[in-house]
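Q: below are the sequence and a predicted model for it; my questions follow.
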Amino acid sequence: MRKLYLLAISIILFASACTKIESSNIGGGLIPPIDGVNTFDTSLEVITSSFTEDQNATRVYKTDDHVIGTISNDPLFGTTRASAFFELKPTFYKYYLQGTAPNRNVDSAVLILSYKGSYGDSNILQNFRVFEINQNNKLQYDSAYATSVNPLYYGTELGSASINIKTLDDSIRGRFEEAKNQIRIRLSQTFAARLIKTYDSAATGNNQYVNDSIFRSNFAGFAVVPDQGVGNALIRINLLDTNTKLALYYNYQPTDPSLKRDTTVSYFRFRTGSADIRETSGSANRIERNYNGSQFARFNNVNNVEKNDSVVFVQTSPGAYVRVRVPGLAGLPNMLVHRAELIADQYPVDDPISEKLPAPRFLLLSGFDSVKKQMVNIRNDFEISQNVINYESFGGFLFSRTLPAPYNLVSAYNFNITRYVQGIATRKDSSFVLRLSAPSNDSLKYSPPYPASGSAMFYFSPNSANNVAEGRVRLFGGGFSDKRYRMRIRIIYSKI
């Protein structure tokens, strides 16, 4: 089970104008003025390349929002298609519905999903189809599936609905419920009759509701799959929210024949915290990326050759990252480093779709241990104290910066690596190959500031990073023709 850290995150949006020399956006009040006599500044060139992430590495956990939908028109990154698989179960066993099975009349079965937000163009309708998960591919209650999970989970189609994202926050008022932020998909009458009339827990009849094992052997859960190529947005749902449920509407004859028939609803839910952990619901979220024909496909460094691209691409997990090499760090003389920062600015996209598919709210700058194949923190600058990350001083959250014409206002990211660079200059610490990524659920090996020793794994969650699959950006690379816009490391220093 993923370790969750309660993070007090202070997100500060900066707005600054860049003229001849950028002003630092983090901790700038402590930097002495650059006079060319006592204090100097310089920029180190970086070598940048873009890569796809390991599609088996990203996982969506039960407590996370899951995404469903299709992005079919992203010129930077191609297409995305996201499907959700999950179990909704009776809330107790031995489960029963009101009345006896022969005396129940079926009204309907409705799959209700808790809507938590969207990423993309909300003006385009999407069509969601609901399938029954195949018994041969049941979800496991104790598994956290990768977003590359095999999609062949579903068999019989149970229903479908056209989804208008702009109306999902409308209020729903009825006899049994007053709510909003719901996706409602009516399922087939055959399926409704199966759960309302055929399934029972009576000793003399069918016993599909006697216990969890028997119920799962008769019904393995739902797959919600968007139609391919229709829509340009991902929709977030939450399975644990009380808005998510399977609603079975029916009327029945009470056991007292003098009473009139009554209409009611029974709910199945996503189960957690059961006394028997085996009764916990399983879930998975498949996110398919297809980069064919996209701009990123032309720059994706699939052969891992050393090159310095003019533009680079970051897409929130499961997506793409940038490898950053800084050859000039190894040869730094001993100096007093007042400020060192990695500057990464958006290379703007002129098409209107970029307003609908904005940049990630958070980028992570990390080192990468190529032997152990894991991210490591930028020691001495990226710190964790009492489970709180120093985002405010280290950087990484999206802000806006004005660049010289013709680019003007762009998305930007800054990272304070002052103590990292000071350690290289003074103690001749080893320098890393750096990685710029947009994590959702991910981890890195954390080492505390010098001279402390030891290390531990730190786990990001969507609350401390990005919602899964939400955000993408094209940045100026180290090889861009105009030096004013390149990704680079800027150092303000004094000689010793």
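A: Everything's here; your move.
Q: got a list of what residue 222 touches?
A: Neighbour list for residue 222: 85, 86, 87, 88, 111, 130, 131, 132, 133, 158 [criterion: Cβ atoms under 8 Å, 6 or more residues apart in numbering]. (C-beta placed from N, C-alpha, C; glycine too.)
Q: ok, residue 254 next?
A: By Cβ under 8 Å, 6+ apart, the contact set of residue 254 is 98, 99, 261, 262.
Q: over to residue 220?
A: Counting by Cβ under 8 Å, 6+ apart, residue 220 makes contact with 87, 132, 133, 134, 135, 137, 138, 139.
Q: how is this protein carved up into domains?
A: Using automatic domain parsing, the domain parsing of the chain gives 15-58+292-495, 78-290.
Q: with distance to residue 66 as added columns, please give these in a markdown table.
A: Conversion of those to a markdown table gives the following (distance: least, Cβ to Cβ, whole Å):
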| stretch | distance to residue 66 |
| --- | --- |
| domain 15-58+292-495 | 8 |
| domain 78-290 | 4 |
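Q: okay if I get those domains as a markdown table plus mean pLDDT and distance to residue 64?
A: What follows is the domains of the chain, written out as a markdown table (pLDDT from 0 to 100; distance: least, Cβ to Cβ, whole Å):
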| stretch | mean pLDDT | distance to residue 64 |
| --- | --- | --- |
| domain 15-58+292-495 | 90 | 6 |
| domain 78-290 | 91 | 8 |
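Q: where along the stretch 101-250 of the chain do the strands fall?
A: With DSSP state E, counting those that start in this stretch as the definition, the stretch 101-250 of the chain shows strands at residue ranges 104-121, 126-133, 154-163, 171-173, 178-180, 182-186, 222-226, 232-238, 245-252.
Q: compare those and give me the one nearest residue 52.
A: Evaluated with Cβ to Cβ, the strands of the stretch 101-250 of the chain place strand 232-238 nearest to residue 52, the distance being 18.4 Å.
Q: strand partners (parallel or antiparallel) of the closest one?
A: For strand 232-238, sheet partners with direction are given as strand 66-74 (antiparallel), strand 104-121 (antiparallel), following DSSP bridges.
Q: what residues does the first one touch?
A: So the one you mean is strand 66-74. Outside strand 66-74, the residues within contact range by Cβ under 8 Å, 6+ apart are 60, 79-84, 86, 118-120, 126, 128, 224-239, 283, 285, 287, 294, 353, 357, 467-470, 472.
Q: for ChimeraX, what selects the buried ones among those?
A: Under the burial definition 16 or more other Cβ atoms under 10 Å, those of those that qualify are selected in ChimeraX by:
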select :60,79,80,81,82,83,84,86,118,119,120,126,128,224,225,226,231,232,233,234,235,236,237,238,239,283,285,287,294,357,467,468,469,470,472
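Q: now stretch 102-113: buried residues?
A: For stretch 102-113, burial by neighbour count (16+ other Cβ under 10 Å) applies to 104, 106, 107, 108, 109, 110, 111, 112, 113.
Q: residue contacts, the fourth one?
A: Contacts here follow Cβ under 8 Å, 6+ apart; on that basis residue 108 touches 186, 187, 189, 192, 249.
Q: do the fifth one as well
A: The contact partners of residue 109, by Cβ under 8 Å, 6+ apart, come to 186, 187, 188, 191, 192, 195, 196, 246, 247, 248, 249.
Q: what is the burial count for the second one?
A: Residue 187 has 23 neighbours, counted by other Cβ atoms under 10 Å.
Q: wouldn't residue 84 be in contact with residue 287 here?
A: No: between residue 84 and residue 287 there is no contact, the gap being 9.9 Å when judged by Cβ atoms under 8 Å.
Q: roughly how far apart are the residue nearest to residue 163 when sequence neighbours are not counted and residue 35?
A: Excluding its sequence neighbours, the residue lying closest to residue 163 (Cβ to Cβ, 6 or more residues apart in numbering) is residue 126, at 4.7 Å. The spacing between residue 126 and residue 35, counted by Cβ to Cβ, to the nearest Å, is 58 Å.
Q: quick one, what contacts residue 290?
A: Applying Cβ under 8 Å, 6+ apart, one finds that residue 290 lies in contact with 78, 79, 80, 81.
Q: so what's it bridging to?
A: With beta bridges defined as DSSP bridges, residue 290 has these partners: residue 79.
Q: residue 40: how many residues sit nearby?
A: Using other Cβ under 10 Å, the number of residues around residue 40 comes to 15.
Q: can you tell me the closest non-neighbouring residue to it?
A: The spatially closest residue to residue 40, leaving aside those adjacent along the chain, is residue 493, at 5.9 Å (Cβ to Cβ, 6+ apart).
Q: which other helices and strands contact the helix or strand that neighbour falls within?
A: Under the criterion of DSSP states H and E, residue 493 resides in strand 488-495. Contact here means 3 or more Cβ pairs under 8 Å, 6 or more residues apart in numbering; DSSP states H and E; on that basis strand 488-495 packs against strand 40-45, strand 335-345.
Q: look up how far residue 424 lies from the residue lying closest to residue 418 once chain neighbours are set aside.
A: Sequence neighbours aside, residue 340 is the residue nearest to residue 418 in space, at 4.7 Å (criterion: Cβ to Cβ, 6+ apart). The span separating residue 340 from residue 424 equals 9 Å under the rule Cβ to Cβ.
Q: comparing the two, which residue is more hemmed in?
A: Per other Cβ under 10 Å, whichever of residue 340 and residue 424 has more neighbours is residue 340, with 26 against 21.
Q: picking that back up, widest-spaced pair of the contacts of residue 254?
A: The widest separation within the contacts of residue 254, taken as Cβ to Cβ, falls between 98 and 261 and amounts to 10.5 Å.
Q: quick check: of the contacts of residue 109, which lies closest to residue 451?
A: Looking at the contacts of residue 109 and their distance to residue 451, the nearest is residue 246, at 57.1 Å (Cβ to Cβ).
Q: what is the burial count for residue 94?
A: The burial metric for residue 94, expressed as a neighbour count using other Cβ under 10 Å, is 12.
Q: surely it touches residue 210?
A: Yes: with contact taken as Cβ under 8 Å, residue 94 and residue 210 are classed as touching, separated by 5.4 Å.
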